[in-house]
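Visitor: Just need the structure, nothing else, for what follows:
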Amino acid sequence: MLKLDQIMMNRRQAIALGMGGAATLALAACGGNSGGNGGEASTDAGIKIGLICLHDENSTYDLNFINGFKEACENLGIDEANALIKKNIPEGQECYDAAAELADAGCKIIFADSFGHEDYMIQAAKEFPEVQFCHATGTKAHTEGLDNFHNAFAAIYEGRYLAGVAAGLKLKEMIEAGDFKAADAKMGYVGAFTYAEVVSGYTSFYLGAKSIVPEVTMDVTFTGSWYDETAEKEGATKLINGGCKLISQHADSMGAPTACENAGVPDVSYNGSTIDACPKTFIVSSRINWAPYYEYAVKATQEGKAIEADWAGDLTNGSVQLTDINEAVAAKGTADIIKDVQTELEAGTLHVFDTSTFTVDGKELTSYMADVDTDPAYKADTEVISDGYFHESEFRSAPYFDLQIDGINLLDTAF
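Guide: Purely as a prediction, here's the structure:
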């Protein structure tokens, strides 16, 4: 069983090695209205804002942030010249430098999109107290106590669960067509790193599929990189050769979808549709829509209002979304079934991590302490199971589900 303290410690070791990439500054075409932390009050759309990205548009992960940024700018009526994006910024001191440059350029609110950017965003927040700094996927805002530093995430595990339902329906269709037996229903998953965000994602995907095909199992392999098209393609190919009948991923390139298209294996991608490149295998994709958060935080800054220290979006506010379903590949009736399941999730009558639906080492869990208030010792501090389910992203926006449940087999790990 992986512990979040081990995961986070190893992740920090990886961060310390740094990541390559030339830093570039680009202008994002933005252009409308909507709306929370204190900043210098302003009532016009002349506010200047910035975004720091780990990679660029070639990464599906970063492209999703960039698209949300552009959408928010358009909705808020922010001029292109006032929306600055820095791309290919490693998870190191380069992030602080980029944040400082954006602050010096007049940005009143600055966003960063990668986990390893957090410490450097905090450094910048302390140096530029009049600027708001918003960091996606981080864990420290609710304990740092800085008025101008904030974390944000979304309940993407709900979206991955829905995508898993679509995967389960496809497996069921293939089983009923005689392609293989239920006992051979095995999926594959290409992950970047072995830590909570990825663990939470692949587990929710698996549980969605398991709700349709109880016999399903899943193999997981890790690349050790957020973006490595070759490694992701090789990982997916390894899974396919190992008997996996359907592939999904939490890694940022087209490697896995391309491998699936070449092999004719159904694929559930992440962060956006791959239907144009993979029309014969793409089923659906889940994504976080960052536009609602950008709009909320920017408008709050304009109005001098407080932004939540730790903001979490979900299905109900449009922060968690599925792409259009590829009806040519998906099982018949998928859209209607997903709609019904989504209604249950939104109503709270269905919980993704319902402890009656999975076991750990053959046992159903009734208690689990998670490390929510991350400290130097990474000590577990919060009971997260109650009312029959694991309360993911309720005590902190960033995921902390790090359990290895039965039915999921890790072929390797990467920290």
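Visitor: thought residue 187 was touching residue 242?
Guide: No - the pair residue 187 / residue 242 is not scored as a contact, 11.0 Å apart, by Cβ atoms under 8 Å. Where you see a C-beta, it was placed from the backbone N, CA and C, and this is true even at glycine.
Visitor: Mind listing the shared neighbours of the two?
Guide: Taking Cβ atoms under 8 Å, 6 or more residues apart in numbering as the contact definition, residue 187 and residue 242 share the neighbouring residues residue 219.
Visitor: Of those two, give the one with the bigger neighbour count.
Guide: For residue 187 versus residue 242, neighbours defined as other Cβ atoms under 10 Å are more numerous around residue 187 (29 against 13).
Visitor: what's the following helix or strand after the longest helix seen in the chain?
Guide: Ranked by number of residues, the top helix in the chain under DSSP state H is helix 156-176. Using DSSP states H and E, the helix or strand that follows helix 156-176 in sequence is strand 186-191.
Visitor: Report the backbone C-alpha coordinates of that following strand in PDB.
Guide: Below are the C-alpha coordinates for strand 186-191, written out as PDB (Å, rounded to 0.1, in the frame of the first residue of the first chain):
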ATOM      1  CA  LYS A 186      -8.500  -6.500 -18.300                       C
ATOM      2  CA  MET A 187      -7.800  -2.800 -18.800                       C
ATOM      3  CA  GLY A 188      -4.500  -1.000 -19.000                       C
ATOM      4  CA  TYR A 189      -3.500   2.400 -17.600                       C
ATOM      5  CA  VAL A 190      -0.500   4.600 -18.500                       C
ATOM      6  CA  GLY A 191       0.400   6.900 -15.500                       C
END
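Visitor: by contact count, what packs against it?
Guide: Counting contacts by 3 or more Cβ pairs under 8 Å, 6 or more residues apart in numbering; DSSP states H and E, strand 186-191 packs against helix 196-210, strand 217-222, helix 229-241, strand 246-250.
Visitor: Relative to residue 320, which of these is closest?
Guide: Taking Cβ to Cβ, helix 196-210 is the member of the helices and strands packed on strand 186-191 nearest to residue 320, at 11.1 Å.
Visitor: taking the mean pLDDT, what do you get for that closest one?
Guide: Averaged over helix 196-210, pLDDT sits at 98.
Visitor: wait, doesn't residue 72 sit right on residue 296?
Guide: No - checked against Cβ under 8 Å, the pair residue 72 and residue 296 is beyond contact range at 9.0 Å.
Visitor: Can you pick out the residue with more neighbours from the two?
Guide: More neighbours surround residue 72 than the other of residue 72 and residue 296, with 29 against 23 (other Cβ under 10 Å).
Visitor: now the closest residue to that one other than its chain neighbours: how far from residue 269?
Guide: Spatially, and ignoring its direct neighbours in sequence, residue 72 is nearest to residue 294 (3.5 Å; Cβ to Cβ, 6 or more residues apart in numbering). With distances taken as Cβ to Cβ, to the nearest Å, residue 294 is found 23 Å from residue 269.
Visitor: Doesn't residue 84 lie inside a strand?
Guide: Yes - counting by DSSP: H, G, I helix; E, B strand; the rest coil, residue 84 is found in a strand.
Visitor: And the pLDDT at it?
Guide: According to the model's per-residue confidence, residue 84 sits at a pLDDT of 98.
Visitor: can you check residue 5 too?
Guide: According to the per-residue confidence, residue 5 scores 36 in pLDDT.
Visitor: ok, now the one 3 residues further on?
Guide: The predicted local distance difference test score for residue 8 is 36.
Visitor: Also the one 5 residues further on?
Guide: Model confidence at residue 13, expressed as pLDDT, equals 33.
Visitor: of all the helices and strands packed on strand 186-191, which gets the most neighbours per residue?
Guide: Among those, ranked by average contacts under mean count of other Cβ atoms under 10 Å, first place goes to strand 246-250 (a mean of 29).
Visitor: Within its sheet, name the partner strands of that one and how each one runs.
Guide: With DSSP bridges as the criterion, the sheet partners recorded for strand 246-250 are strand 186-191 (parallel), strand 267-270 (parallel).
Visitor: Tabulate those strands (JSON lines), appending mean pLDDT and distance to residue 219.
Guide: As requested, the strands paired with strand 246-250 are exported to JSON lines (pLDDT from 0 to 100; distance: least, Cβ to Cβ, whole Å):
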{"stretch": "strand 186-191", "mean pLDDT": "98", "distance to residue 219": "5"}
{"stretch": "strand 267-270", "mean pLDDT": "96", "distance to residue 219": "15"}
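Visitor: ranges for the strands of the stretch 251-400 of the chain?
Guide: With DSSP state E, counting those that start in this stretch, the ranges of strands along the stretch 251-400 of the chain come out as 267-270, 282-288, 310-313, 320-322, 369-370, 382-383, 385-386, 389-390.
Visitor: Out of the ones you listed, which is the most enclosed?
Guide: For the strands of the stretch 251-400 of the chain, ranked by mean neighbour count under the definition mean count of other Cβ under 10 Å, the leader is strand 267-270 at a mean of 28.
Visitor: what about it, distance to the chain center?
Guide: For strand 267-270, the separation from the chain centroid amounts to 13 Å (computed by Cα atoms, centre = their mean, to the nearest Å).
Visitor: Kindly report the same for stretch 47-60.
Guide: The gap between the average C-alpha position of stretch 47-60 and the chain average comes to 15 Å, counting by Cα atoms, centre = their mean.
Visitor: returning to what we had before: kindly present the strands paired with strand 246-250 as TSV, with separate columns for distance to residue 167.
Guide: As requested, those are arranged in TSV below (distance: least, Cβ to Cβ, whole Å):
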stretch	distance to residue 167
strand 186-191	6
strand 267-270	5
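Visitor: Select, out of those, the one closest to residue 339.
Guide: Taking Cβ to Cβ as the criterion, strand 267-270 is the member of the strands paired with strand 246-250 that comes nearest to residue 339, at 17.3 Å.
Visitor: The strands paired with strand 246-250: which one's closest to residue 162?
Guide: Residue 162 lies closest, by Cβ to Cβ, to one member of those: strand 267-270, at 10.2 Å.
Visitor: Going along the chain, name the helices of this structure.
Guide: With DSSP H as the definition, the chain shows helices at residue ranges 4-17, 60-76, 93-104, 118-127, 141-144, 156-176, 196-210, 229-241, 255-263, 291-303, 334-347.
Visitor: so which of those helices gets nearest residue 367?
Guide: Per Cβ to Cβ, nearest to residue 367 of these: helix 4-17, 15.6 Å.
Visitor: re the thing from before, save the strands of the stretch 251-400 of the chain as JSON lines, and put in distance to residue 341 too.
Guide: Output for the strands of the stretch 251-400 of the chain, formatted as JSON lines (distance: least, Cβ to Cβ, whole Å):
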{"stretch": "strand 267-270", "distance to residue 341": "15"}
{"stretch": "strand 282-288", "distance to residue 341": "13"}
{"stretch": "strand 310-313", "distance to residue 341": "19"}
{"stretch": "strand 320-322", "distance to residue 341": "11"}
{"stretch": "strand 369-370", "distance to residue 341": "26"}
{"stretch": "strand 382-383", "distance to residue 341": "28"}
{"stretch": "strand 385-386", "distance to residue 341": "22"}
{"stretch": "strand 389-390", "distance to residue 341": "15"}
